[in-house]
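# Requesting a structural model of the entry that follows:
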Amino acid sequence: MIRTPGWTSRRETLAGLVLAAAATPALARQSGVSPELPAQAKAALDKLLESNPAARKVYGQAAAVLVFPKITKGGFVVGGSTGEGVLYARNQPGGYYRWTSASYGLQIGEETYSYALFFMTDEALAYLQKTDGWEVGTGPTLVVADETYAKEVSTMNLDKGVYVFIYGQKGLMAGGGVQGAKITRIQ
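Purely as a prediction, here's the structure:
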């Protein structure tokens with residue numbers, strides 16, 4: 001068989017899919033929500049707010065926050081990630097959501113992390129609630145808060161739809177690729 005550099009065979013692609021599924025056992029979980037999820041999400045949010053002054057400022061102005069206490073990501077050429085989260089509106093649980101993503105490219109490893117999305121306006125929150133699965137990157141404007149942003153945030157410049165904080169990374173995931181993520185309501 002003649003092979004073009006950079007192209008994988010069907011067998012290699014299938015092997016990558018099998019390895020990705022094996023690397024992320026959370027992908028095979030049943031669709032029910034764990035009874036521990038609300039407590040885990042609350043603990044993850046408290047950890048973020050205690051350790052990150054920018055997150056505290058954003059939280060003080062947010063209409064709601066969607067917290068994924070543990071997203072598991074893994075892959076070998078083909079990868080994926082999944083996790084479950086709780087939407088808090090005015091400090092009360094307002095629904096359960098699932099994060100799923102798929103990726104393809106030069107990547108290998110497994111990691112876990114926490115993810116918090118702060119919805120700053122009622123319109124941004126309504127977009128999440130009315131869509132049948134929100135494809136991240138469409139809809140409200142997203143701002144990923146990194147170290148530079150954390151130094152510049154004030155209550156006067158919180159004018160975007162959704163602010164994202166990624167924290168608590170554990171594990172090793174190397175490489176990069178094309179990725180798409182979707183957030184879907186489960187209950």
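
# how about the strands in this structure?
For the chain, the strands defined by DSSP state E occupy 64-89, 92-119, 134-135, 142-144, 162-175, 178-185.

# Out of those, flag the one nearest Ala55.
Ala55 lies closest to strand 162-175 among the strands of the chain, at 5.3 Å (Cβ to Cβ). For the C-beta atoms, the positions are set from N, CA and C on the backbone; glycine is no exception.

# ok, and which of the strands of the chain has the densest surroundings?
Mean neighbour count, computed with mean count of other Cβ atoms under 10 Å, is highest for strand 64-89 among the strands of the chain, reaching a mean of 23.

# Which strands and helices lie in contact with it?
Helices and strands touching strand 64-89, as assessed by 3 or more Cβ pairs under 8 Å, 6 or more residues apart in numbering; DSSP states H and E, comprise helix 10-23, helix 37-51, strand 92-119, helix 122-130, strand 162-175, strand 178-185.

# can you tell me the average pLDDT over the fifth one?
So that's strand 162-175. Averaged over strand 162-175, pLDDT sits at 86.

# Is it possible to get CSV of the helices and strands packed on strand 64-89 that adds distance to Val86?
Converted to CSV, the helices and strands packed on strand 64-89 look like this (distance: least, Cβ to Cβ, whole Å):
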stretch, distance to Val86
helix 10-23, 26
helix 37-51, 4
strand 92-119, 5
helix 122-130, 13
strand 162-175, 15
strand 178-185, 11
